[in-house]
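Visitor: quick one: sequence and predicted model below, then my questions.
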Amino acid sequence: MKELNKKVAVITGAGSGIGRALAKSLAARGCRLALSDINDAGLAETAAQLEGAEVRTYRLDVSDRDALYAHAEQVAKAFGQVNLVINNAGVALSASVREMTDEDFRWVMDIDFWGVAHGTRAFLPHLIASGDGHVVNLSSVFGLIGVPKQSAYNAAKFAVRGFTESLRQEMQLEGLPVAVSCVHPGGIRTNIARAARMGKSENAEAQRRGFDKLAMTTPEKAAEIIVRGILRDEARILVGPDAWGIDALNRLLGSAYQPLVARFSRKNLYV
Ligand SMILES: NC(=O)c1ccc[n+]([C@@H]2O[C@H](COP(=O)([O-])OP(=O)(O)OC[C@H]3O[C@@H](n4cnc5c(N)ncnc54)[C@H](O)[C@@H]3O)[C@@H](O)[C@H]2O)c1
């Protein structure tokens, strides 16, 4: 996709953070937007910031498979085509493997993995039909390395990466007109930590403060990097200097990154 003007872009989780910043960036480039979120107020606030753009908003829970498939049909019908789908909606959980509940584990997987997988599969026929499609799936640096107390999030984000990298190769092998990118942000200053669930023995306030201290990239900068990655058809889009650092550490050390992360976590997560 070399040109975004007049392209139809779908963004899930557009009511906050990276999704909202992406909506603003794509609107400024002339995209027609189908924005969704589970949070009506956040979504309305995003739409209010997009004066002049063609925008439709939809209340959507991405963990509801049938609702996602119905959404894909509704958007395709309303706009006549779909070119870009950004599966962005996500949540976080901080809890150890021993302590987390099945319910919280499932909550993360349903939104962060299944929301992305169903979002991709529901829109894929429309993206192929457009003749110029692009799927962008939000993983994380936690889709590159494992981190204590992030096992559920790690599982979902590693799964998103495997699913997305497989799809990119399939589209190429089958000669289908759909580019595929997997995004790995480092810490981005959004609401994600405030909205996160915590295991019962976690010090939630300390963790949220820690996140605010470590998150070094604004959502606007993140959106700029992601849009540039889309225009360059990058398979892997790393967002922020911390993401580049973690990627490098992972490549250099292989599994030997783990003692380093554990040492860092003892200071920052076991508080
Ligand atoms: N902020 C970071 O540091 C960071 C780092 C790596 C990856 N990410 C990923 O980036 C994506 C965007 O997160 P963000 O940082 O902008 O967070 P955010 O909390 O600011 O925004 C997430 C949005 O997703 C929506 N959402 C939550 N559950 C939903 C559901 N079931 N259905 C539909 N929408 C739902 C929320 O209402 C919210 O508007 C997520 O996938 C997240 O995992 C974020």
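Guide: Right, received. Where do you want to start?

Visitor: interface residues of the stretch 51-200 of the chain facing the ligand?
Guide: 60-63, 88-91, 111, 138, 140, 185, 187-188, 190-192, 195 (Cβ under 6 Å from any ligand atom). For glycine as for every other residue, the C-beta is placed from the backbone atoms N, C-alpha and C.

Visitor: can you point me to the longest helix in this protein?
Guide: helix 151-173 (DSSP state H).

Visitor: weed out the non-buried ones from the residues of the stretch 51-200 of the chain next to the ligand.
Guide: 60-63, 88-91, 111, 138, 140, 185, 187-188, 190, 192 (16 or more other Cβ atoms under 10 Å).

Visitor: nearest to the ligand among the residues you listed?
Guide: Set against the ligand, the nearest of those by Cβ to the nearest ligand atom is residue 90 (2.2 Å).

Visitor: enumerate the beta-bridge partners assigned to residue 134.
Guide: Judged by DSSP bridges, the bridge partners of residue 134 are residue 84, residue 179.

Visitor: and it, how far is that from residue 15?
Guide: 22 Å (Cβ to Cβ, to the nearest Å).

Visitor: and these two? Which one has more around it.
Guide: Using other Cβ atoms under 10 Å, the more surrounded residue of residue 134 and residue 15 is residue 15, with 26 against 22.

Visitor: can I assume that one is in contact with residue 47?
Guide: No. Residue 15 lies out of contact with residue 47 (Cβ atoms under 8 Å); the separation is 9.2 Å.

Visitor: run through the stretch 51-200 of the chain and note the low-pLDDT ranges.
Guide: The stretch 51-200 of the chain contains no residues with pLDDT under 70.

Visitor: for it, what spans make up the helices?
Guide: 65-79, 102-108, 115-130, 151-173 (DSSP state H, counting those that start in this stretch).

Visitor: highest average neighbour count across these?
Guide: Mean neighbours per residue, mean count of other Cβ atoms under 10 Å, is largest over these for helix 115-130, with a mean of 21.

Visitor: output the contacting helices and strands for that helix.
Guide: Packing partners of helix 115-130 (3 or more Cβ pairs under 8 Å, 6 or more residues apart in numbering; DSSP states H and E): helix 65-79, strand 84-87, strand 133-138, helix 151-173, strand 178-185.
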